[in-house]
Each structure stands twice: as structure tokens, then as C-alpha cells.
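# Sequence first, then the predicted structure:
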Amino acid sequence: MYQGKKVSVILASAGTGSRMGTEVPKQFLMLGGKTILQEAYEKILSSAFVDEVLVVTNDEYLEKTKELLSGATVICGGKERQDSIFRGLNALKLRDDDFVRVRAKGKLKTAKVTEVFY
């Protein structure tokens, strides 16, 4: 909670790794004994301000993502990043005055729900 408002985070993780040129998507590369995805998810989840984390992933990696992030809410993304974020926004149960943070490309963007949909 932040100022009495629900805070939801969309963790965009639907990339295929094509720009990196790796055999597996970047989110599944190991970093200090964990995948980059696990590290990002745990950091976000550990925030006292975050009420909910929704992971949006590529349909090809849906089961792998669910296995890595046991208990996480994971959905399939879309063709492009904006499609994935849109699916994530629609999957969240939000009120007009709640906050949404989107983590994509290593950056966090925050907005009130009314700023996103209206």
C-alpha cells in the first residue's frame, strides 16, 4: 500500500532474447545462482509498498516461468511489449485511484490507473 492505495507491479518478461543473441531469453540467464527473472521478481516482491506482482511472459515459456516463480500470478503476453502490458493491465483488478508500476527494460514506470486508461 502507498498512501492507502493498492500498488500493483507488472513484470514484463515476454521477450525472446533475439536482440541479445542468446539461446535462451535474457530473463532465464543465470545471475548469482538465480535467473534474472527470479532476482527481479524477488526484489519487487520484497518492497513494503507492493501489494501485487503480475508476471507477463511468452506463451512458449509460461510453464517454465510458473515453475521458477512458484505461487506467482503469471499470464501470457502479446506479440509486442505494449500488447503484453495491456494484457497485464486488463488482468489486474484495479480501482481508478490504485497505482500500477510496470517493470520493462529494467526501468520502473508508475502511474495512477486513471492516467493509463483515461
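Great, that's in hand. Residues are numbered from 1 along each chain as shown.
# which parts of stretch 22-30 are buried?
Going by neighbour count (16 or more other C-beta atoms under 10 Å), the buried part of stretch 22-30 is P25, K26, Q27, F28. In short, each C-beta sits where N, CA and C put it, glycine included.
# T57 - nearest residue in space that isn't next to it in sequence?
T65 (4.4 Å; C-beta to C-beta, 6 or more residues apart in numbering).
# Would you check which pair of the buried residues of stretch 22-30 lies furthest apart?
K26 and F28 (7.4 Å; C-beta to C-beta).
# overlap in contacts of those two?
I36 (C-beta atoms under 8 Å, 6 or more residues apart in numbering).
# how would you label the residue nearest to T57: helix, strand or coil?
Secondary structure, DSSP: H, G, I helix; E, B strand; the rest coil: T65 is helix.
# Quick check: it vs L54, distance?
12 Å (C-beta to C-beta, to the nearest Å).
# Compare these two and say which one has the larger neighbour count.
T65 (25 against 20; other C-beta atoms under 10 Å).
# hang on, the more buried one packs against Q38?
No. Assessed by C-beta atoms under 8 Å, T65 is found out of contact with Q38, at 9.9 Å.
# any low-confidence regions in the chain?
In the predicted model, the chain carries pLDDT under 70 at residues 103-118.
# Who are the contact partners of M20?
Per C-beta under 8 Å, 6+ apart, neighbours of M20: K26.
# again, but for the one 4 residues further on
When contacts are counted by C-beta under 8 Å, 6+ apart, V24 touches G17.
# Just the helices from the protein, written as ranges.
For the chain, the helices defined by DSSP state H occupy 36-45, 62-68, 81-91, 113-117.
# of all these, which lies closest to A14?
Of all those, it is helix 81-91 that lies closest to A14, at 4.6 Å by C-beta to C-beta.
# Give me the residues contacting stretch 49-56.
Stretch 49-56 has contacts (C-beta under 8 Å, 6+ apart) with 1-2, 6-14, 37, 41, 44-45, 65, 69, 72-77, 84-85, 87-88, 91-92, 101.
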